[in-house]
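[1] with the input below, show me the fold.
(chains A and B)
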Amino acid sequence: MKLHQKGFLLITICKSGGIWDQQLINKVFAEYDESGDFREKSIRITLDELAAAGLVKRTDNKLEIINGKTKLIFKYQISDFGITRMVDTGLLLP
Amino acid sequence: MSHTALVQAIHRHHARNQRWGFTWALWTAILWGAWYVPGTALWFEHPYVEITADQQSLRLAATAVMTWIHAITVFFFLLIWNLLLGKVKDYGRTIVQFKKISKWYALASLCGGPLAIFGSYMAMGFVGPVFAAISSLFYPVIGAIIARLWYKEKISQRAAIGMCIIIFGGMVIYGPSLFGEMDTSNPNAWLGYLGGLMSAIGWGSEGAVAGRAMDVSDPDVGIHCRFSFEVLFWGLIILPFLASFTDLPIKALIIDTITHGKAMLWIVLAAACHAYCYTAFYKSFSLIGVGRGEAIGNLYAVFALIFIAAFTLQLPQWYFIVGLFLTVLGSFVMFSESAESVAELRDTGDSKVYP
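    Next comes the predicted model:
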């Protein structure tokens, strides 16, 4: 069975050392065979939740034109607290 | 692109999240308030209308039965929700991780279900409904304290002041009726006070306990897991225990409820309110924090009276307006916090890389 999506996002961010949300969205789409605006927004909200809870931190940001629209994109990195929580919940081995 | 445009875009981003967080919390309050109409109407239908106020144990058994059927119905409404959002597979992936993740939802369901609801009914039965309503109003304080101590949720001074004003407003709405309800000669009153404490601790701790699992899982999925466990707790442990070791008519109550159209209609309506009230509740936690989400959720006190007045045509007392003013003021005090301060909810000790 595949990992739940928020868990997959955390592991991908943790492994990357720092990753832009657009790349993360592509990885989630590939992993779960998903596509579309609605799913994309849903993943962005999940990233906002992770940042608000302090599990990931935003290390960079920029405005980029994607599909003709200016979008604010963020670069994410796992936080120390995020690592602790991943260990607590079995997403990462201690 | 200019730096100013970037700064403005970041501010808009945080402001939008803050607005969504408060909007979800407000929906919690509206639907929670609306829930009181079918929730109260159910007691006026067969088989519940025949149970008199002095039949305490039968009343509690009836509460357990209606809560279980209610939880099953909520489960189906949440299934529709997650089907529409395309999150049913994620529900499966999350609930199977019991040891590491979903056990927290199981614990949250115990806090919000048997502890809080049972406690609230004890408070209603042994002291009175007004006392029950007032004691529940204190749950955000418990929630904020647990969230603060357990995972260092930041409660700014402004958020704390807003929270206090909302609670005070709730007390003004219900407070004056409390004097008519307190009866010092009642020897069983302590059971009611204990129940009041249970409901505040139960609902207060639910958000913080669920928050622990929501750190790594989706809130829509989380609430579905929480209700799955509530269905199991009542259906596999509490009700079979009551049916086996007491002479309470559990089976008859279940059959009477599900075969009685009007009772089921109220349960379905109550469950629709409750399912989406809880969905909004859990979504608000992840955007504005447990403390703020629960405090705004406390506005249910206002909406409950408005809905009850609309359906029964009984206008609330004058002091309702004072309470209404205070609760709305408290909400605005909380909402006036800067969006950036709500964007990071916890003191995690991580050095800030990005402003």
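[2] buried residues in the lengthiest helix in chain B?
    Ordering each helix of chain B by length in residues (DSSP state H) puts helix B:3-41 first. Residues B:9-10, B:13-14, B:17-18, B:20-41 are the ones in helix B:3-41 that count as buried (16 or more other Cβ atoms under 10 Å in any protein chain shown). All C-beta spots, glycine's among them, are computed from the backbone N, C-alpha and C.
[3] ditto for stretch B:143-160
    B:143-148, B:151, B:153-156, B:159-160.
[4] with stretch A:1-17 instead?
    Applying 16+ other Cβ under 10 Å to stretch A:1-17 flags A:3-10, A:12-14, A:16 as buried.
[5] ok, now stretch B:304-311?
    Those would be B:304-305, B:307-308, for stretch B:304-311 by 16+ other Cβ under 10 Å.
[6] show me which of those is closest to B:L269.
    B:F307 (11.8 Å; Cβ to Cβ).
[7] helix, strand or coil for that closest one?
    Here B:F307 is recorded as helix under DSSP: H, G, I helix; E, B strand; the rest coil.
[8] where does chain B dip in pLDDT?
    B:1, B:178-184, B:343, B:348-355 (pLDDT under 70).
[9] can you name the residues of chain A sitting close to chain B?
    Within reach of chain B by Cβ under 8 Å from any Cβ of the partner chain, chain A has these residues: A:1-7, A:10, A:34, A:39, A:42, A:46, A:48-49, A:51-55, A:57-63, A:70, A:72, A:77, A:79-81, A:85-86, A:88-91.
[10] filter these to the buried ones?
    Applying 16+ other Cβ under 10 Å to the residues of chain A next to chain B flags A:3-7, A:10, A:34, A:39, A:42, A:46, A:48-49, A:51-55, A:57-58, A:61, A:72, A:77, A:79, A:81, A:85-86, A:89, A:91 as buried.
[11] and the furthest pair within the buried residues of stretch A:1-17?
    Taking Cβ to Cβ, no two of the buried residues of stretch A:1-17 sit farther apart than A:H4 and A:S16, at 18.7 Å.
[12] and stretch B:57-67, how far out from the chain middle?
    Centroid displacement of stretch B:57-67 relative to its chain, using Cα atoms, centre = their mean, to the nearest Å, is 19 Å.
[13] buried ones in it?
    Residues B:58-67 are the ones in stretch B:57-67 that count as buried (16+ other Cβ under 10 Å).
[14] go on, stretch B:320-328?
    Going by neighbour count (16+ other Cβ under 10 Å), the buried part of stretch B:320-328 is B:320, B:323-324, B:326-327.
[15] would you turn those residues into JSON lines with secondary structure and distance to B:G211?
    Shown next, in JSON lines, are those (DSSP: H, G, I helix; E, B strand; the rest coil; distance: Cβ to Cβ, whole Å):
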{"residue": "B:F320", "secondary structure": "helix", "distance to B:G211": "32"}
{"residue": "B:G323", "secondary structure": "helix", "distance to B:G211": "29"}
{"residue": "B:L324", "secondary structure": "helix", "distance to B:G211": "29"}
{"residue": "B:L326", "secondary structure": "helix", "distance to B:G211": "27"}
{"residue": "B:T327", "secondary structure": "helix", "distance to B:G211": "24"}
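[16] what is the very next helix or strand once past the longest helix of chain B packed up against?
    Note on helix B:3-41: by DSSP states H and E, the next helix or strand toward the C-terminus is helix B:56-85. Contacts defined by 3 or more Cβ pairs under 8 Å, 6 or more residues apart in numbering or on different chains; DSSP states H and E place helix B:56-85 against helix B:88-95, helix B:118-126, helix B:219-232, helix B:239-245, helix B:250-258, helix B:261-288.
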